[in-house]
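Trainee: Turn this into a model:
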Amino acid sequence: MTNQPVNLSSSGPPETILPEFDKRATELLVLALSADDAAKREKVSSVVAAHPTFLAGWASIGDLSSPGIDAYMAYRVGYHRGLDTLRANSWRGSGYVRWSRDSNRGFLRCLAGLAKNARVIGELSEAVRCEQFLIQLDPSGDTNHLLK
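Mentor: Numbers count the residues shown, from 1 in each chain. All right, here's what the predicted structure looks like:
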């Protein structure tokens with residue numbers, strides 16, 4: 001059981017808001033992202049190795065990976081870690097996970113990156129499923145920029 005509230009609204013399904021990740025890990029990620037380009041991916045990977053449930057870290061590894069299978073792998077791990085985190089925070093397979101909540105962005109970036117790179121490697125049905133899922137999680141349109 002979780003101590004996270006389930007937010008019901010009159011406008012639709014419940015909204016899940018992921019908790020903020022460890023501040024020190026976030027600081028380390030910012031520092032790693034400021035490294036020179038040659039060392040950046042390795043430094044970000046080190047942060048994620050120390051904090052394997054850090055969704056923004058997985059999204060950043062995906063962002064720094066070559067498009068295609070390398071990025072796909074990073075985003076896919078982040079996506080699955082994100083589903084675990086959502087479930088641990090009262091999400092039951094439906095409801096909103098909005099971009100407007102900073103703490104949700106790592107997961108949503110992983111989902112969008114997975115969609116884009118599934119398309120790159122020819123997994124078109126997975127790309128479409130991920131794109132639809134992203135829209136279902138946040139129908140506001142705030143995530144549209146992630147799929148461009």
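
Trainee: chain center to stretch 53-60, what's the gap?
Mentor: Distance of stretch 53-60 from the chain centroid (CA atoms, centre = their mean, to the nearest Å) equals 7 Å.

Trainee: and it, what's its mean pLDDT?
Mentor: Stretch 53-60 carries an average pLDDT of 98.

Trainee: Show me which positions of that stretch end up buried.
Mentor: 53, 54, 55, 56, 57, 58, 59, 60 (16 or more other CB atoms under 10 Å). (C-beta placed from N, C-alpha, C; glycine too.)

Trainee: Spell out the residue ranges of the strands in this structure.
Mentor: Ranges of strands within the chain are 7-9, 12-15, based on DSSP state E.

Trainee: Give me the distance from the last one to the chain's centre.
Mentor: From the chain centre to the centre of strand 12-15 is a distance of 19 Å (CA atoms, centre = their mean).

Trainee: correct me, but residue 18 touches residue 89?
Mentor: Yes: with contact defined as CB atoms under 8 Å, residue 18 and residue 89 form a contacting pair (5.8 Å).

Trainee: And the pLDDT for the spatially most central residue of the chain?
Mentor: The chain has residue 107 as the residue nearest its centroid, 1.9 Å off, counting by CA atoms, centre = their mean. For residue 107, the pLDDT comes out at 98.

Trainee: give me every residue that touches it.
Mentor: Residue 107 makes contacts with 18, 55, 78, 79, 82, 85, 86, 97, as judged by CB atoms under 8 Å, 6 or more residues apart in numbering.

Trainee: Ignoring the adjacent residues along the chain, who's closest to the fifth one?
Mentor: By that I understand residue 82. residue 107 (3.5 Å; CB to CB, 6 or more residues apart in numbering).

Trainee: How about the fourth one?
Mentor: Counting by CB to CB, 6+ apart, residue 110 is the residue found nearest to residue 79 once chain neighbours are left out, at 4.5 Å.
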